[in-house]
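Trainee: I would like the atomic coordinates for the input below:
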Amino acid sequence: MTDDGEAPRPNREDLDRQVRDRYGTWRDQPRGLACAVVAAFLVLTTLGFVVAVVLLLATA
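Mentor: A predicted model of the protein is given here:
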């Protein structure tokens, strides 16, 4: 305890380590990685369809 009665604040590195030990990172989570892959596929597929439609409309 400090003189004003408050507990000392833990440093940032300790807090980060505690969170990593508890939850890991998104790369450690198979579900999170799969979700990222599916989301990237959906975004790129949608973008491809939009570009194809724009090119088809531009040539018509």
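
Trainee: What's the mean pLDDT across the biggest helix by length in the chain?
Mentor: Ranked by residue count, the top helix of the chain under DSSP state H comes out as helix 30-59. Helix 30-59 carries an average pLDDT of 93.

Trainee: Same question for it: list its buried residues.
Mentor: Using 16 or more other Cβ atoms under 10 Å as the burial criterion, none of the residues of helix 30-59 qualify. C-betas here are computed from N, CA, C, even on glycine.

Trainee: From the chain's centroid, how far away is that helix?
Mentor: Centroid separation for helix 30-59 versus its chain: 18 Å, with Cα atoms, centre = their mean, to the nearest Å.

Trainee: Start at 753, not 1
Mentor: In the new count, where the first residue is 753, that last one comes out as helix 782-811.

Trainee: which secondary structure elements does that helix contact?
Mentor: Judged by 3 or more Cβ pairs under 8 Å, 6 or more residues apart in numbering; DSSP states H and E, helix 782-811 is in contact with no other helix or strand.

Trainee: Put the alpha carbons of the host helix or strand of Asp773 into PDB.
Mentor: Using DSSP states H and E, Asp773 falls within helix 764-775. Extracted in PDB, the C-alpha atoms of helix 764-775 (Å, rounded to 0.1, in the frame of the first residue of the first chain):
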ATOM      1  CA  ARG A 764       1.600  -3.000 -18.100                       C
ATOM      2  CA  GLU A 765       3.800  -6.000 -18.900                       C
ATOM      3  CA  ASP A 766       2.400  -7.900 -15.900                       C
ATOM      4  CA  LEU A 767      -1.200  -7.200 -17.000                       C
ATOM      5  CA  ASP A 768      -0.400  -8.200 -20.600                       C
ATOM      6  CA  ARG A 769       1.200 -11.400 -19.500                       C
ATOM      7  CA  GLN A 770      -1.800 -12.300 -17.300                       C
ATOM      8  CA  VAL A 771      -4.200 -11.700 -20.200                       C
ATOM      9  CA  ARG A 772      -2.100 -13.700 -22.600                       C
ATOM     10  CA  ASP A 773      -1.800 -16.600 -20.100                       C
ATOM     11  CA  ARG A 774      -5.600 -16.500 -19.600                       C
ATOM     12  CA  TYR A 775      -6.900 -16.000 -23.100                       C
END
